[in-house]
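**Student:** Give me the fold of what follows.
(one chain, ligands or ions: 1)
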Amino acid sequence: MRKKIVAGNWKMNTTYFEGEALAKDIAGKHKEVPAGVQLIVAPPFTHLCCLTGPLREAGIGIAAQNCANHESGAYTGEVSAAMLASIGVQYCIIGHSERREYYGETDAMLLEKVKLALQHNVIPIFCIGERLNEREAEQHFEVVNQQLQKAICQLPATDFAKIILAYEPVWAIGTGKTATAEQAQEMHAYIRKVLREKFGAAADSTSILYGGSCKPSNAAELFGQPDVDGGLIGGASLNGGDFIAIAKAMITGKG
Ligand code: PGA
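**Tutor:** Modelled structure (predicted):
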């Protein structure tokens, strides 16, 4: 059985006090989420230490949105996996398309980040996905395959077994344009096939989340697909009610 996961990526949103209010709202509504759905929240770095108390008490996982590709040292402005682990952060989003696109993060850097996170027992939520022009040129499978080959497929099997994947087509992120349930399923099944070729049956235990304009109105259909094990939610995770409604759709979707 794969874990069902709904993770909220707040990106660079909320001041500390706005974040505190949102965390309390989500924690208060968490009892509505059916057992068997793991909720994870990824607030900005500044919020990770202090405002996460109510989330942790409710059993919600805490994630960072990024970590450094170095262990420690003279890297001004960076936050290491060891630092995250030292304040009890359990997960880290790595390879989000906004990091790849705006901050020049390469596959090689992302592999370093994944390895460092794992060394410190922080579980990577590793993002992959094609741009619009790549889909239009029908290169989407090859783009995603390369992203997997250059990072995740380089891991030893014991490390691979720990990670969470997120398929996030870049053209669907923050655009209001969601992949259809069929497009999501087709790509998730492809990702699992690539992983099975490398890691065998272990690929059947890896949770693969969908991300990109996921909202309460489309979540159940997306989550109803056999290879979609949950969601990585951006915009809609900034509203406690919507985020919880999406998490509930995980069960409606899977029947
Ligand atoms: P979105 O973002 O839900 O706002 O499209 C998803 C993501 O980038 O993780």
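**Student:** How about stretch 240-250 and the ligand, touching?
**Tutor:** No. Using Cβ under 6 Å from any ligand atom, we find that stretch 240-250 stays clear of the ligand, coming within 9.6 Å at best. (Glycine included, C-beta is placed from N, CA and C.)
**Student:** Show me what counts as buried in that stretch.
**Tutor:** G240, D242, F243, I244, A245, I246, A247, K248, A249, M250 (16 or more other Cβ atoms under 10 Å).
**Student:** Put the alpha carbons of that stretch into PDB.
**Tutor:** Presented in PDB, the C-alpha positions along stretch 240-250 are these (Å, rounded to 0.1, in the frame of the first residue of the first chain):
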ATOM      1  CA  GLY A 240      -7.200  26.300   5.200                       C
ATOM      2  CA  GLY A 241     -10.600  25.200   4.100                       C
ATOM      3  CA  ASP A 242      -9.600  24.500   0.500                       C
ATOM      4  CA  PHE A 243      -6.500  22.600   1.700                       C
ATOM      5  CA  ILE A 244      -8.500  20.400   4.000                       C
ATOM      6  CA  ALA A 245     -11.200  19.900   1.300                       C
ATOM      7  CA  ILE A 246      -8.400  18.700  -1.100                       C
ATOM      8  CA  ALA A 247      -7.100  16.300   1.500                       C
ATOM      9  CA  LYS A 248     -10.700  14.900   2.000                       C
ATOM     10  CA  ALA A 249     -10.900  14.400  -1.800                       C
ATOM     11  CA  MET A 250      -8.100  11.900  -1.500                       C
END
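**Student:** Look through this protein and report the residue furthest from the middle.
**Tutor:** Farthest-out residue of the chain from its mean C-alpha position, per Cα atoms, centre = their mean: A74, at 28.3 Å.
**Student:** helix/strand/coil for it?
**Tutor:** coil (DSSP: H, G, I helix; E, B strand; the rest coil).
**Student:** Show me where the stretch 51-200 of the chain has its helices.
**Tutor:** Using DSSP state H, counting those that start in this stretch, the helices of the stretch 51-200 of the chain run over 53-57, 81-86, 97-102, 107-119, 132-136, 140-150, 157-160, 181-199.
**Student:** tell me which parts of the stretch 1-150 of the chain are close to the ligand?
**Tutor:** N9.
**Student:** And the residue of the stretch 1-150 of the chain closest to the ligand?
**Tutor:** N9 (4.3 Å; Cβ to the nearest ligand atom).
**Student:** what do you get for the stretch 101-250 of the chain?
**Tutor:** Counting by Cβ to the nearest ligand atom, the stretch 101-250 of the chain gets nearest the ligand through G234, at 2.2 Å.
**Student:** With adjacent residues omitted, what lies nearest to that residue?
**Tutor:** What sits nearest to G234 in space, not counting adjacent residues and going by Cβ to Cβ, 6 or more residues apart in numbering, is N9, at 5.1 Å.
**Student:** L209 in helix, strand or coil?
**Tutor:** strand.
**Student:** which ones are touching it?
**Tutor:** L209 makes contact with 5-7, 125, 164-167, 228-232, according to Cβ atoms under 8 Å, 6 or more residues apart in numbering.
**Student:** how about 10 Å then?
**Tutor:** Residues in contact with L209 (Cβ atoms under 10 Å, 6 or more residues apart in numbering) are 4-7, 40, 125, 127, 164-168, 188, 222-223, 228-233.
**Student:** again, but for S80
**Tutor:** So S80 contacts C67, A68, N69, H70, E71, S72, G73, S86, K113, L116, A117, H120 (Cβ under 10 Å, 6+ apart).
**Student:** Mind checking which of these are buried?
**Tutor:** Buried, going by 16+ other Cβ under 10 Å: C67, A68, N69, K113, L116, A117, H120, out of the contacts of S80.
**Student:** which of those sit farthest apart?
**Tutor:** With Cβ to Cβ as the measure, no two of these lie farther apart than N69 and H120, at 13.2 Å.
**Student:** ok so, going back, what about the residue of the stretch 101-250 of the chain closest to the ligand, how many residues nearby?
**Tutor:** 22 (other Cβ atoms under 10 Å).
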